[in-house]
Structures are given as structure tokens and as C-alpha cells.
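J.: sequence first, predicted model second:
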Amino acid sequence: MNTIFSKYKKHYVPKYLQKWIKIGKMNETGISPLSENELKSSASQHDDGFRFVTYGEINISIIYCEGIRPQSLLLPALLTDNIEKIKKQIQELKRLKTTELKSLI
């Protein structure tokens with residue numbers, strides 16, 4: 001798996017994303033990273049229908065109001081996710097009614 005993933009990154013992922021991208025598996029609850037053993041295994045060792053995905057982790061700070069320490073959250077996101085989908089994931093995780101996203105880049 002690790003060899004396949006390395007070749008995939010080299011040939012299909014833009015250079016600016018190569019250090020950020022990870023490989024994981026998609027299940028009904030979301031994205032899970034592959035363990036070291038899973039990375040060392042071959043693709044044929046996984047069940048039919050097993051879905052591998054490439055993703056990145058987004059570091060998010062949630063500020064409820066001024067004067068209270070922000071809460072940090074590491075959110076796995078598919079490379080094809082847009083800002084609306086990420087916003088929806090945050091709302092589902094934290095049960096927030098309204099969300100405003102700001103970039104600190």
C-alpha cells in the first residue's frame with residue numbers, strides 16, 4: 001500500500017499538496033487513517049468494496065466567545081471537499097447552530 005500511495009502522490013497530486021496528503025479508509029462514520037500494518041499490507045489483503053481515500057487534516061480552532069480559550073479540532077477532509085461540506089462537518093461534530101469560518105493563513 002505504501003508503495004502504491006507514494007507513486008500516486010508523485011504522479012497525481014500537485015507538489016504543494018504532497019506533504020499534506022494522507023491515505024485512509026472511508027467507512028460509514030467518516031475517514032480513518034491507515035495503521036502502520038495496513039500501510040505495509042498489499043491491497044489484495046483488503047475485502048472487496050473496501051474504499052481507500054486520500055485526505056488531509058485541517059486544524060480548526062473553535063471560538064465560542066471572547067475570553068474563553070479556543071477549542072482545537074483536527075478534521076479529516078477529502079481533497080474534493082469544499083468549504084460548505086467542511087462547515088457542515090464541523091456543525092455535525094460540535095452540534096453548532098451557526099458557524100462562521102475565517103482563515104488564519
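T.: Yes, it's here.
J.: please, where are all the helices along the chain?
T.: Counting by DSSP state H, the chain has these helices, from start to end: 2-12, 15-18, 36-40, 83-94.
J.: which parts of the longest strand anywhere in the chain are buried?
T.: Using DSSP state E, we find that the single longest strand of the chain is strand 52-62. With burial defined by 16 or more other CB atoms under 10 Å, the residues of strand 52-62 counted as buried are 52, 54-56, 60. C-beta here means a position set from N, CA and C on the backbone, and glycine is covered the same way.
J.: with stretch 66-79 instead?
T.: Here stretch 66-79 shows 75-77 as buried, counting by 16+ other CB under 10 Å.
J.: swap in stretch 33-40?
T.: 34, 38.
J.: chain center to it: distance?
T.: Centre-to-centre, stretch 33-40 and its host chain are 16 Å apart (CA atoms, centre = their mean, to the nearest Å).
J.: same thing with stretch 62-74?
T.: 21 Å.
J.: how many other residues sit next to the spatially closest residue to Gln18 that is not a sequence neighbour?
T.: Leaving aside its sequence neighbours, Gln18 sits nearest to Lys9 (CB to CB, 6 or more residues apart in numbering; 5.2 Å). Residue crowding around Lys9 was assessed by other CB atoms under 10 Å; the count is 18.
J.: quick check: Lys9 vs Ile60, distance?
T.: Lys9 sits 24 Å away from Ile60, going by CB to CB, to the nearest Å.
J.: one step back: tabulate the CA atom coordinates of the longest strand of the chain in PDB.
T.: Provided in PDB are the C-alpha atoms of strand 52-62 (Å, rounded to 0.1, in the frame of the first residue of the first chain):
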ATOM      1  CA  PHE A  52      -9.300   3.900   0.100                       C
ATOM      2  CA  VAL A  53      -9.300   7.700   0.100                       C
ATOM      3  CA  THR A  54      -6.800  10.500   0.000                       C
ATOM      4  CA  TYR A  55      -7.400  13.200   2.500                       C
ATOM      5  CA  GLY A  56      -5.800  16.000   4.500                       C
ATOM      6  CA  GLU A  57      -6.200  17.100   8.100                       C
ATOM      7  CA  ILE A  58      -7.400  20.600   8.700                       C
ATOM      8  CA  ASN A  59      -6.600  22.200  12.100                       C
ATOM      9  CA  ILE A  60      -9.600  24.200  13.300                       C
ATOM     10  CA  SER A  61      -9.900  26.400  16.400                       C
ATOM     11  CA  ILE A  62     -13.400  26.900  17.600                       C
END
